[in-house]
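**Q** Predicted model and sequence follow; I will ask about them next.
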There are 2 protein chains.
Amino acid sequence: MAAFENNSERDVRAAGAGTSPGRSLPGEQDVVRQRFIEEAGRFTQSLGLGRIIGQIYAYCYFCPSPCTLDELAEHLAISKGSASTMVRQLESWGALRRTWIKGDRKDYYEASDAFGRIVRNAARDIVGRSLDSVNELLEETGLPAADPDDDDIRFVQERIEKLRAFRDRTQGLWNSPIVKMLMKAKG
Amino acid sequence: MAAFENNSERDVRAAGAGTSPGRSLPGEQDVVRQRFIEEAGRFTQSLGLGRIIGQIYAYCYFCPSPCTLDELAEHLAISKGSASTMVRQLESWGALRRTWIKGDRKDYYEASDAFGRIVRNAARDIVGRSLDSVNELLEETGLPAADPDDDDIRFVQERIEKLRAFRDRTQGLWNSPIVKMLMKAKG
DNA sequence: GGGTACGTTCAGTTTGTACTGAACGCTTTG
DNA sequence: CAAAGCGTTCAGTACAAACTGAACGTACCC
């Protein structure tokens, strides 16, 4: 709601990059920014990641210069705690990079545009641990060794075997060079 | 909790498939079933789909014969309403197939083992609509036509263009024959 | 036509969790 | 050393979504 108002420190900084020196009123591009930030929030929320994480990334993505925590908290009208937590989450996915400006104690964050890598990292982080748990069960499940004649036991064994086969087939899919290539940004 | 107790109609039917005629006590395979059902519930829940949907699929997947709604509700200790809703969700993903037994008014459900297709359908259903919303925004966003000299406007334009490029590159990824092949079950 | 036996729907409740904001530890500055 | 500025943490809260179960509609049977 309070995003990209033009009376703050950051907007002055951002406006400084423009060619119209006296320009400080919100331009049409700020409306566009605002809509993308909202949409990104809806997107990540509908994915069960919460609204804030999408908003933070979108805000940084559309910032010409790195952002600080306070900036994010103020413009997105969120608590500093949430900003801190979500920023580190995004950083762990490679979605944000932490930078510093010498003589300034604040941390600055800038968005990466390597979307493919970000999505892969996030997906791995989210479904990865759940899948690990499933895999563990698939491994440790020693089939009932006795009674190979029991139809029910053999049925269960076959079902588990099919799961294992699928797991093996898809395991290397994320790391497949083909998929990587398809998602790679080319300049 | 009450899953796979051995005093119910269904277990009698399941036990009938075994080779040991008098056998009605829970075998070791039922313990395995139970663990897979629990794990499936955890899995879908950690994915934000709820616990029940995974449990239902796992129950059906490890059933040698099709299941009914009442059976699912009773053995998984869930309400019939949830069973009905989730079963239709799974059916829409191709995870369950609805069958009938003549002379019986109940609906019967059996699990598909085409995991690849199920995952693709589910993923498309879940992230699809969210992505549609994003794509809509990407399309309808006419860039600020005026002021091509404004650095800030050009910056926003470039960022949006990069998003469009990634969208175009990844759009056909799910339907890519390579990915389809990698996920296909081979007999 | 009444009475079952189904599956479905939906208002209500409960459960889970995203988010807040105050307190904390650490580092730098005066 | 005190004080301010920074990021982090965590108990508490508020909100949303999962889940329930009673009411409903419909098809079949006596």
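**A** Nice, thanks for sending it over.

**Q** What's the local residue count around the closest residue to DNA strand D within chain A?
**A** Closest residue of chain A to DNA strand D, Cβ to the nearest atom of the strand: A:Gly81 (2.8 Å). Yep, even glycine has a C-beta here, placed from its N, CA and C like the rest. Other residues near A:Gly81 come to 10 when the count uses other Cβ atoms under 10 Å in any protein chain shown.

**Q** looking at this, it is in a helix?
**A** Yes - A:Gly81 forms part of a helix when assessed by DSSP: H, G, I helix; E, B strand; the rest coil.

**Q** what comes up buried for stretch A:41-48?
**A** Neighbour-count burial for stretch A:41-48 flags A:Gly41, A:Arg42, A:Phe43, A:Thr44, A:Gln45, A:Ser46, A:Leu47 (criterion: 16 or more other Cβ atoms under 10 Å in any protein chain shown).

**Q** Return the distance of it from the chain's centre.
**A** Its chain's C-alpha centre and that of stretch A:41-48 lie 11 Å apart, by Cα atoms, centre = their mean, to the nearest Å.

**Q** Please apply the same query to stretch A:174-183.
**A** 18 Å.

**Q** same thing with stretch A:177-185?
**A** With Cα atoms, centre = their mean, you get 18 Å for stretch A:177-185.

**Q** Is there proximity between that stretch and chain B?
**A** Yes - Stretch A:177-185 is in contact with chain B by Cβ under 8 Å from any Cβ of the partner chain, via A:Ile178, A:Val179, A:Leu182, A:Met183, A:Ala185.

**Q** Enumerate every residue touching the nearest residue to A:Leu90 once chain neighbours are set aside.
**A** Closest residue in space to A:Leu90, ignoring its immediate chain neighbours: A:Leu96 at 4.3 Å, by Cβ to Cβ, 6 or more residues apart in numbering or on different chains. By Cβ atoms under 8 Å, 6 or more residues apart in numbering or on different chains, the contact set of A:Leu96 is A:Ile56, A:Tyr57, A:Cys60, A:Val87, A:Leu90, A:Tyr109, A:Glu110, A:Ala111, A:Ser112.

**Q** and the third one, what element?
**A** Which is A:Cys60. helix A:51-61 (DSSP states H and E).

**Q** And the average pLDDT for stretch A:26-42 is what?
**A** Per-residue pLDDT values across stretch A:26-42 average out to 91.

**Q** quick one: is it near chain B?
**A** Yes - counting by Cβ under 8 Å from any Cβ, chain B is contacted by stretch A:26-42 at A:Gly27, A:Glu28, A:Gln29, A:Val32, A:Arg33, A:Arg35, A:Phe36, A:Glu39, A:Ala40, A:Arg42.

**Q** Just give me the neighbour total for A:Ser168.
**A** Heads up, residue A:168 is Asp, not Ser. 10.

**Q** And the pLDDT at it?
**A** In this prediction A:Asp168 is given a pLDDT of 91.

**Q** any idea how far the nearest residue to A:Gln89 once chain neighbours are set aside lies from A:Ala40?
**A** Of all residues not flanking A:Gln89 in the chain, A:Ile53 sits nearest, at 6.3 Å (Cβ to Cβ, 6+ apart). Going from A:Ile53 to A:Ala40 by Cβ to Cβ, to the nearest Å gives 9 Å.

**Q** what touches both of those two?
**A** Joint contacts of A:Ile53 and A:Ala40 (Cβ under 8 Å, 6+ apart) do not exist.

**Q** And the next helix or strand past the lowest-mean-pLDDT helix or strand in chain A?
**A** Using mean pLDDT, DSSP states H and E, helix A:9-15 stands out as the lowest-scoring helix or strand of chain A, at a mean of 40. Next helix or strand after helix A:9-15 toward the C-terminus (DSSP H and E): helix A:28-46.

**Q** got the angle between that next one and helix A:51-61?
**A** Angle, helix A:28-46 to helix A:51-61, by axes from the mean of the first three to the mean of the last three Cα atoms, to 10 degrees: 150 degrees.

**Q** Hmm, A:Lys184 is touching A:Gly116, no?
**A** Yes - A:Lys184 lies in contact with A:Gly116 (Cβ atoms under 8 Å); the separation is 5.8 Å.

**Q** Let's see the pLDDT reported for A:Ala146.
**A** pLDDT, A:Ala146: 62.

**Q** sorry, back to before: which one among the buried residues of stretch A:41-48 gets closest to A:Asp70?
**A** A:Gly41 (19.4 Å; Cβ to Cβ).
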